[in-house]
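Visitor: Predicted structure and sequence below. I'll ask about it afterward.
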Amino acid sequence: GNSVTQMEGPVTLSEEAFLTINCTYTATGYPSLFWYVQYPGEGLQLLLKATKADDKGSNKGFEATYRKETTSFHLEKGSVQVSDSAVYFCALTRNTGNQFYFGTGTSLTVIP
Amino acid sequence: DSGVTQTPKHLITATGQRVTLRCSPRSGDLSVYWYQQSLDQGLQFLIQYYNGEERAKGNILERFSAQQFPDLHSELNLSSLELGDSALYFCASSVGGGAVYGYTFGSGTRLTVV
């Protein structure tokens, strides 16, 4: 079946620290991979995506590389800010795109 | 503003009642998806419509139903409500299947069943 496993949170970092949130997936075929971010009281927003192996998605200083050999899509940022405090969701969809499979979310708090 | 509009933002109702949640997709998007987000279950896919037709079904209870109208807005009907139905209900839309561009989410409807 299709599933996504994310590292458990919550994660607390100091401002300017390096961030890694691990995500691994199980899927049949060749899925597309996504990271979504949810700020308090809001819906999920697309952060970045990669649609094939070795693609790197990037946005707002965040990056993730689609690694087929390790079935991973880890989210990284070199220097986090207080405004990055949110819940981050890793997700996949098959190319039919009829359903996204979301991880359980990882809560990040960045302290000044 | 994501372009996906959900109403109402908050809803408080009693057990046994019936409610309707409404979603207007982003302009040009033909697919609408409904998700339920609760603390213990995470994000659960309920159902997808594409251009008025049901395309995929997830963990949707029989007490729940949905439809997509000719103007592409969608409604999620929840009936015989139970305390456990309290959750955030999100609507998302996409141009096609979402595999290339992803979803655009609305800000959700928070349902509280008392």
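Guide: On my side now, so go ahead.
Visitor: Return the helix or strand in chain A with minimum mean pLDDT.
Guide: Here the helix or strand of chain A ranked lowest by mean pLDDT, DSSP states H and E is strand A:100-102, holding a mean of 90.
Visitor: so does it get close to chain B?
Guide: Yes - residues of strand A:100-102 contacting chain B under C-beta under 8 Å from any C-beta of the partner chain: A:100-102. (Each C-beta comes from the backbone N, C-alpha and C, glycine too.)
Visitor: Return a ChimeraX selection command for the buried portion of those.
Guide: For the buried members of these, the matching ChimeraX selection, counting by 16 or more other C-beta atoms under 10 Å in any protein chain shown, is:
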select /A:100,101,102
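Visitor: Need the three-state assignment for the residue most central in space within chain B.
Guide: Central residue of chain B (C-alpha atoms, centre = their mean): residue B:34, 3.1 Å from the mean position. At residue B:34 the chain is in strand, as set by DSSP: H, G, I helix; E, B strand; the rest coil.
Visitor: Ok, residue A:42 next?
Guide: Assigned state for residue A:42: coil (three-state reduction, three-state DSSP).
Visitor: Name the nearest residue to it, ignoring sequence neighbours.
Guide: residue B:107 (5.7 Å; C-beta to C-beta, 6 or more residues apart in numbering or on different chains).
Visitor: tell me the phi and psi of the one you found?
Guide: phi -90, psi 0 (degrees, to the nearest 10).
Visitor: Tell me where the chain has strands.
Guide: As the question left the chain open, I've gone with chain A. A:3-6, A:11-14, A:19-21, A:23-26, A:32-38, A:44-50, A:56-59, A:62-65, A:75-77, A:86-93, A:100-102, A:106-111 (DSSP state E).
Visitor: look at chain B instead
Guide: Using DSSP E, the strands of chain B run over residues B:5-7, B:10-13, B:19-24, B:31-38, B:42-50, B:53-57, B:64-68, B:74-78, B:87-94, B:104-105, B:109-113.
Visitor: In CSV: those, plus mean pLDDT.
Guide: Converted to CSV, the strands of chain B look like this (pLDDT from 0 to 100):
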stretch, mean pLDDT
strand B:5-7, 97
strand B:10-13, 97
strand B:19-24, 98
strand B:31-38, 94
strand B:42-50, 92
strand B:53-57, 92
strand B:64-68, 97
strand B:74-78, 98
strand B:87-94, 95
strand B:104-105, 92
strand B:109-113, 97
